[in-house]
Each structure stands twice: as C-alpha cells, then as structure tokens.
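Asks: sharing a sequence plus its predicted fold:
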Amino acid sequence: MRLNEDYKKKVIFKSWAYTLSAIFFMFPAYMLPMMVTGKMGKIEENTIFSGVVYFFVNGDYFVASVIFVASILIPVVKIVGVVFLLLIYHFKAYEFRQKGVALYHILSFIGKWSMLDVFVVALMSALVQFGFISFAKPGPAVIPFALVVIFTILATKKFDTKLFWSDI
Amino acid sequence: MAIKKECNYCGTIVEIERVSRDTDYLCPECKSLVYRRGQPFQHVFFLSITSLLLFFWMLPSPLITIKILNIERSVSFVSGIGYLIESGRYLTAIILGLSVVVIPYAMLILRIAVMVAVRLKAVSPSVFRLLALYRKIHEWNMAEVYLVGILIAIIKLRSLAEITVGTGTLLFLLFIITFYISVEWFNPNDVYLFCGDYSCQHAEDLLFYREAEDEA
C-alpha cells in the first residue's frame, strides 16, 4: 500500500509533537498540587503521588490503586506506547507491525481513563464547600494534567498504523 | 449482499461475500475488526430516545449529597459545572462540560438525525457529514469515566462526612447503560454500505434488520 510522502511526514510530525507536548506537561502535572483541601483552618496540598501514598498508608488500597493506574500508569504507558509505534516506523521494524496494531487498539481504549482524577477533583471541589469547616478546590496541576491526557489521546489519534504497510 | 471494505488499520481491502449479522469480519493482514453489522435502526432509535430522556432528567438531579455538622450540600451536573465557572476555573469547566455533557448529547442527536433521514429515505451528502462528525467526536466522550469518578469521590468522602447517593447518580447509571448499548448497536458503516449511492435501496433492511437480498 502506497501512502503520500507528505501525508507520512505530517502524521509522524504531529504524533511526535503531541507526544513531546504531553511529556512537557507531565512535569507540572506531577509536581504541582492536584487538589487543595482545608479542614478547620488547616490547609493541605496534595500532588498525584502524595494522594496515592496517602490513601495507601490509610489502608484505602482500592482508591490508591485506581488513582495510581488512571493517573500515573496509564499516561506513562500511553507515552511509551506511542513512542514504540513511532520507533517501529522509524527503524522499519515491520516484523512488529501486528503487535503495533494491537498496541494501538489498547492505547485507543485506555486513552480517556486518565481523565478520572480531573473529574474527581472537579466533583469534590463543587461538593465540599463548607467554608472554614471544610473545603476542597482544584490545584494548579489540574490543567497541565488534563493537557497531558488530551495530548496523549491526540498523539494516538494522529498516528496511522497504515504507515507500517506503506513501504510494501 | 457482497461488500468491499478497506481495513482502517492496514489498508487491506477485505471482500465480504455475504454480510451475516452474527459474524465479526477480521482483517486477514492485521487481525483488526473490519466490519460488524449493527443492530436494527429501529432498536437503536428507541434506545437513543430513552437515553436522551434520561439525559435531560439527570442533568439537574443531585448526584451526591454531603452533610457536615448538619449542613447539607448537593451537586448535580449543572451545579458542578456552574461552580467551576463561578470560581473562574473555565478550562476545567470546558473540559468537563464538553466531554461529559455536550459530546454525549451531540452523539445522541446526530445518531437520531441520521436514523430519521434513513427512515425517510432522505439520505444526502449532509447526512454523511453528520456521520463523519459523529465518528470524530465519538472518542472524546468520557461520560463513563465521570461515573467512575463519582464512585471514587463517594469512597474518598465517606470517612469525612455523611454521604447520600442522589437520584442523579442512579439516572446517570441508567443513562450510561442505555447510551453504551446504543453506541455498540449503531454502526455508522451500515449507512455508507446500505445508502452509499443515496438511493437507500436497502433502507428497510437497515431499519428492520432483514438480510439484504443480492441484486443478482
């Protein structure tokens, strides 16, 4: 199957651009607080990592593992996965192309699940508004984290697995 | 009815001699799903209408109610997004509003519009534009992620306060079930295959799920 050279360049450029943008936004997303909470005047700021550790230490393994999988594991797997697909094309390692297509299906399926933490923070901050007694509000990491999710979805969407068959 | 369909993942042209409703047609080259016939449009239509009614019912209904020191506070889809806008978190409000409210709603409306056009045998290029839009926005729908988000918020908050699950959450659960069954049942490819020349010769088969007869 022959694909236009301009089209191939465009696909590869866009996929790399979105992947690198996602990697760039990962730093503020993981380093800044995701949620700011207050209880009786005592203010606490939690990053994604500290949130996972907090629930794990308190024995809430279910919440800890859901947040870990959705907010840490899936974004990392998506970025590594798209880079793997791009490398298959760059190094013409077409013996892996069937595995590449299977990986592409997995990446497309899991893509949106990383948005879970953003939705939880949005919901909790709208709900827990009791002034001095207790409050929750989104931290500065929410937008960079949402951008990581959006860019990883775009990186997968823009990649075209037909490239693996384009030189045949 | 024999059809030819290009695999979206490797470009191989797959020829399907006779479309059977119970078979998943896989690409021989990359093993991806090439074609699976959808369910009758009549069923998808009524399920979509049910989803739409649930959608309007759940929007203002309370999802969760929290009680701390005898003070109660509830949140619904509308008030949740409203709070984000009021507190100046416009980007978060846009992301939430688009992926959980606007896109599922648009998907339902587009699907119903396409099915009405097929029913009236009024398929035109604009119907195919609606289908193209449906395919584009499909991947950005995150309603089910929000449902899991509600579950996580309930688990997180239950140790801090008294939590009551509102009718909105139950309606949302019903909405998700009907919505996803209708998404699974509706195959946009069917419209291209059955009405691709705009004559919609096989519209009846699409609507009532009969096997199409070969022209020959």
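Replies: Happy to help now that I have it.
Asks: quick one, grab the pLDDT at the nearest residue to residue B:180 once chain neighbours are set aside.
Replies: Among residues not flanking residue B:180 along the chain, residue B:144 sits closest, at 7.1 Å (Cβ to Cβ, 6 or more residues apart in numbering or on different chains). The way it works is simple: take the backbone N, C-alpha and C, and place the C-beta from them, glycine included. Residue B:144 carries a pLDDT score of 93 in this model.
Asks: could you do the one 5 residues further on as well?
Replies: Confidence at residue B:149, expressed as pLDDT, is 93.
Asks: can you tell me what sits against the strand or helix carrying it?
Replies: Taking DSSP states H and E as the criterion, residue B:149 maps to helix B:143-157. If you take Cβ atoms under 8 Å, 6 or more residues apart in numbering or on different chains as the criterion, helix B:143-157 is touched by A:55, A:60, A:62-63, A:66-67, A:112-113, A:115-116, A:119-120, A:123-124, A:127-128, B:63-64, B:66, B:96, B:99-100, B:104, B:163, B:165, B:169, B:172-173, B:175-176, B:179-180.
Asks: average model confidence for the following helix or strand past that helix?
Replies: The C-terminal neighbour of helix B:143-157 among helices and strands, as given by DSSP H and E, is strand B:162-165. For strand B:162-165, mean pLDDT rounds to 91.
Asks: who are the packing partners of strand B:162-165?
Replies: Counting contacts by 3 or more Cβ pairs under 8 Å, 6 or more residues apart in numbering or on different chains; DSSP states H and E, strand B:162-165 is packed against strand B:64-68, helix B:143-157.
Asks: tally of neighbours for residue 120?
Replies: Unless you meant another one, I'm taking chain A. Other residues near residue A:120 come to 28 when the count uses other Cβ atoms under 10 Å in any protein chain shown.
Asks: try chain B instead
Replies: What residue B:120 shows, counting by other Cβ under 10 Å, is a neighbour count of 10.
Asks: tell me the contacts of the residue of chain B positioned farthest from its centre?
Replies: Of all residues in chain B, residue B:69 has its C-alpha farthest from the mean position, at 40.8 Å, by Cα atoms, centre = their mean. By Cβ under 8 Å, 6+ apart, residue B:69 lies in contact with A:130, A:133.
Asks: give me the phi and psi for it.
Replies: phi 50, psi 50 (degrees, to the nearest 10).
Asks: follow-up on the earlier one: got the helices and strands packed on strand B:162-165 as CSV, with mean neighbour count columns?
Replies: Converted to CSV, these look like this (neighbours: other Cβ atoms under 10 Å in any protein chain shown):
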stretch, mean neighbour count
strand B:64-68, 19
helix B:143-157, 20
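Asks: okay, these in a markdown table with distance to residue A:36 next?
Replies: A markdown table is the format used below for the helices and strands packed on strand B:162-165 (distance: least, Cβ to Cβ, whole Å):
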| stretch | distance to residue A:36 |
| --- | --- |
| strand B:64-68 | 18 |
| helix B:143-157 | 15 |
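Asks: can you pull out the strands in chain A?
Replies: Assigned by DSSP state E, chain A shows strands spanning A:35-39, A:42-46, A:134-138.
Asks: perfect, I'm done here.
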